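Participant: structural data only, the sequence is not supplied:
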């Protein structure tokens, strides 16, 4: 039971952190709850299908099918996150102004929410398939269904609780700084996912590592620790990164930042609506009219 709870907790934690950032980053956008829920549902369905066909996936591409699938999922998520960060850098000020005044829904907000639905679906797909495969292996090894169910439920609740705590913490940020903070979190999240994609492509021998290990901080904070797993999801931490991973991380972060600066700065500030003041006629003008 304990082993199941720990593994499920780690996998759920990664997905929950991504969902929390996405849900916070789309604050005020129309229909975000529905789109995120759809992303979770599609991700779970895909995870089950992928787990059922895990043998065929792993055997594809000369035994590198799983690595290629993981890299593809991560790079697709990077593209969606990059689009959202650039979109919000352009429209975030307008959205914040509307939230402060009348709380109006932004009609065009459906577009980035649809994109981030794919990010949620991909996150749940990747982590969920690993959970399904692990539970399947535990069951094949003789573990009881009751103990696996109890451990899985405990891990699911614990991982979800951490994600909710992160979301509530993000909501505590003052509104004037909220979209800037979440945009930076999305940028770091995308850069970290790009670094992980590079790791899988190196494993598949499609990219050179450039340097097998640029540094090693596993003695201070290992990748397997809870804090290491959390930082890997949030900012792309890796205790032993390769040179190519650092290239992917840096280039992705710079490209998104450049897009935010170019397209975000081109959006002019919303023009404040000034009340129309009707002049009151003076006593002299009233007498003249009579």
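Facilitator: Yep, that arrived. Just so we're clear, the structure is a prediction, and the values are computed from it rather than from any experiment.
Participant: alpha carbons only for contacts and neighbour counts from here, please
Facilitator: OK.
Participant: which neighbouring elements make contact with the one helix or strand residue 6 maps to?
Facilitator: For residue 6, the host element (DSSP states H and E) is helix 2-25. Helices and strands touching helix 2-25, by 3 or more CA pairs under 8 Å, 6 or more residues apart in numbering; DSSP states H and E, are helix 32-52, helix 110-140, helix 145-171, helix 175-203, helix 226-235.
Participant: now those as TSV including mean pLDDT and distance to residue 212?
Facilitator: Shown next, in TSV, are the helices and strands packed on helix 2-25 (pLDDT from 0 to 100; distance: least, CA to CA, whole Å):
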stretch	mean pLDDT	distance to residue 212
helix 32-52	81	30
helix 110-140	70	25
helix 145-171	82	32
helix 175-203	85	10
helix 226-235	85	18
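Participant: out of those helices, which is closest to residue 242?
Facilitator: Nearest to residue 242, of all those, is helix 175-203, at 7.8 Å by CA to CA.
Participant: the closest one: which residues count as buried?
Facilitator: 178-202 (16 or more other CA atoms under 10 Å).
Participant: which stretch among the helices and strands packed on helix 2-25 comes nearest residue 64?
Facilitator: Between the helices and strands packed on helix 2-25, helix 175-203 lies closest to residue 64; by CA to CA that is 8.1 Å.
Participant: tell me what the closest one is packed against?
Facilitator: helix 2-25, helix 65-101, helix 145-171, helix 226-235, helix 243-265.
Participant: quick one, what contacts residue 178?
Facilitator: 170, 171 (CA atoms under 8 Å, 6 or more residues apart in numbering).
Participant: oh, and call the first residue 31 from now on, that's how I've got it
Facilitator: Yep, numbering from 31; the last one is residue 208 now.
Participant: which secondary structure state is assigned to residue 238?
Facilitator: Under DSSP: H, G, I helix; E, B strand; the rest coil, residue 238 falls in the coil class.
Participant: and the gap between the closest residue in space to residue 220 that isn't next to it in sequence and residue 223?
Facilitator: Nearest residue to residue 220 in three dimensions, chain neighbours excluded: residue 108, at 4.8 Å (CA to CA, 6 or more residues apart in numbering). As judged by CA to CA, to the nearest Å, residue 108 and residue 223 stand 6 Å apart.
Participant: how many neighbours does the closest residue to residue 156 other than its chain neighbours have?
Facilitator: Of all residues not flanking residue 156 in the chain, residue 77 sits nearest, at 6.8 Å (CA to CA, 6+ apart). Applying other CA atoms under 10 Å, we find 26 other residues in the vicinity of residue 77.
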